[in-house]
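J.: Show me how the following folds:
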Amino acid sequence: MGFSKDNLIGFLVAISSSLFIGASFIIKKKGLRRAAAASGVRAGVGGYAYLQEPLWWLGMITMIIGEIANFVAYAFAPAVLVTPLGALSIIVSAVSAHFILKERLHQLGILGCVMCIAGSVIIVIHAPQEHPITSVQEIWTMATQPAFLLYVGSVIVLVFILAFYFAPQCGHTNVLVFTGICSLMGSLSVMSVKALGTSLKLTFEGKNQLIYPETWFFTFVVATCVVTQMNYLNKALDTFNTAIVSPIYYVMFTSLTILASVIMFKDWDGQSSGSIVSGLCGFIVVLSGTILLHVTKDFDRSSSFKGNNYAPLSPSFSARLCNGNGESMKHEEGDEQCSEEVSLIRQELYP
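T.: Numbers count the residues shown, from 1 in each chain. Take a look at the predicted model:
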């Protein structure tokens, strides 16, 4: 694929964005750990002590820088080009977690990272050129077409079901609940970011788009979606291994964003069937790599209980990790529901 000037700018800015975002996962998780150790209440069970932790705010600032770069990238290049480059943030966060957070990355996990990069490269190579947009009202017409309205309605329904039905029941044992909410809201935020970024780009070019109410509506949608994403991303990061949250979030977010972009902006219109199939094959490679990363979670959990490098925790302490309310309960060494929490505290006490 021959890159246009805008596509090249979007490509380079998206890479820098992924570097900042990948680093922010690590910084924020260290802040979450410090806050949990100081307050005794983790973000995954409703604690907000991390808001008083400077390290968490440093991670948030790093993520904001990355998101701003991402915002700029969407203004220059189509979502099906920018979004898959988030695979780089997976590599940054997974490798950094291995060395900094001591979250062991299995050899198969390394292979999974390589597959994520390879699949993303295939997607980027076969990404379409950006269709020229002349006004925010043109984007509004795309956003109000029946097919995209159906997608938006489906996303809202699914988010409510996940947040109010599944999250209380299995949000702390199934990584797909919190990451699912982040990904669904993320797909809407990207469409709004794309619209808002294009509006600002046109404004800077001398075509003022700030006079249209559609621009401010997209701004409101961006703010709402981002706040929701940050809330549930904090819960996911605090509850599950970073090397697992990052790739799963990437795959779900990327697939939903590409779907939303294809529906709203009709990115695949004018592309050959070969390019579309190649792009889909690239995504399958990314998905396969993510599955490998997910499998390594079980290897790491089982090895943490079989090893002799850690001293056993007291029953009452382990129980508080599982139920999150400080009440005593019977301690079972092999309890699946609290294995992640036990491993986390062991890492804190015995780095």
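J.: from here on, contacts and neighbour counts on C-alpha atoms
T.: OK.
J.: Tell me the first helix or strand C-terminal of the helix or strand where Val190 lies.
T.: In this assignment (DSSP states H and E), Val190 forms part of helix 175-204. As assigned by DSSP H and E, the chain's next helix or strand after helix 175-204 is helix 213-239.
J.: tell me what the next helix or strand after that next one is packed against?
T.: The helix or strand immediately downstream of helix 213-239 is helix 242-265, counting by DSSP H and E. Contacts defined by 3 or more Cα pairs under 8 Å, 6 or more residues apart in numbering; DSSP states H and E place helix 242-265 against helix 5-39, helix 79-82, helix 87-96, helix 136-143, helix 146-161, helix 175-204, helix 273-306.
J.: May I see the buried residues of the longest one?
T.: So the one you mean is helix 5-39. Neighbour counts over helix 5-39 (16 or more other Cα atoms under 10 Å) mark 7, 9-11, 13-36 as buried.
J.: can you check the fourth one too?
T.: Residues Val136, Gln137, Ile139, Trp140, Met142, Ala143 are the ones in helix 136-143 that count as buried (16+ other Cα under 10 Å).
J.: From the residues you listed, pick the one nearest Thr203.
T.: Set against Thr203, the nearest of the buried residues of helix 136-143 by Cα to Cα is Val136 (10.1 Å).
J.: Give me the contact list for stretch 140-156.
T.: The contact list for stretch 140-156, computed with Cα atoms under 8 Å, 6 or more residues apart in numbering, reads Leu184, Met185, Leu188, Glu214, Ala260, Ile263, Met264, Phe265.
J.: just how off-centre is it within its chain?
T.: Centroid separation for stretch 140-156 versus its chain: 22 Å, with Cα atoms, centre = their mean, to the nearest Å.
J.: go on, stretch 13-33?
T.: 11 Å.
J.: Among the contacts of stretch 140-156, which one has the most neighbours?
T.: Met185 (27 neighbours; other Cα atoms under 10 Å).
J.: Now for the residue nearest to it when sequence neighbours are not counted, how many residues are close by?
T.: Excluding the flanking residues, the one nearest Met185 by Cα to Cα, 6 or more residues apart in numbering is Cys225, at 5.5 Å. Using other Cα under 10 Å, Cys225 is surrounded by 19 other residues.
J.: pretty sure Cys225 is touching Leu184, no?
T.: No: taking Cα atoms under 8 Å as the definition, Cys225 is not a contact partner of Leu184, at 9.3 Å.
J.: just to revisit the earlier point, put together CSV for the buried residues of helix 136-143, with distance to Lys235 on each row.
T.: CSV is the format used below for these (distance: Cα to Cα, whole Å):
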residue, distance to Lys235
Val136, 35
Gln137, 37
Ile139, 33
Trp140, 33
Met142, 33
Ala143, 30
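J.: and the closest residue to Val222 other than its chain neighbours, how far is that from Val226?
T.: Nearest non-adjacent residue to Val222, counting by Cα to Cα, 6+ apart: Ser189, 5.1 Å away. The gap separating Ser189 from Val226 is 7 Å, by Cα to Cα, to the nearest Å.
J.: which one of the two has more residues nearby?
T.: Remark: of Ser189 and Val226, Ser189 carries more neighbours, 23 against 16, as counted by other Cα under 10 Å.
J.: Tell me if I'm right that the more buried one and Thr219 touch.
T.: No: judged on Cα under 8 Å, Ser189 makes no contact with Thr219 at a distance of 9.5 Å.
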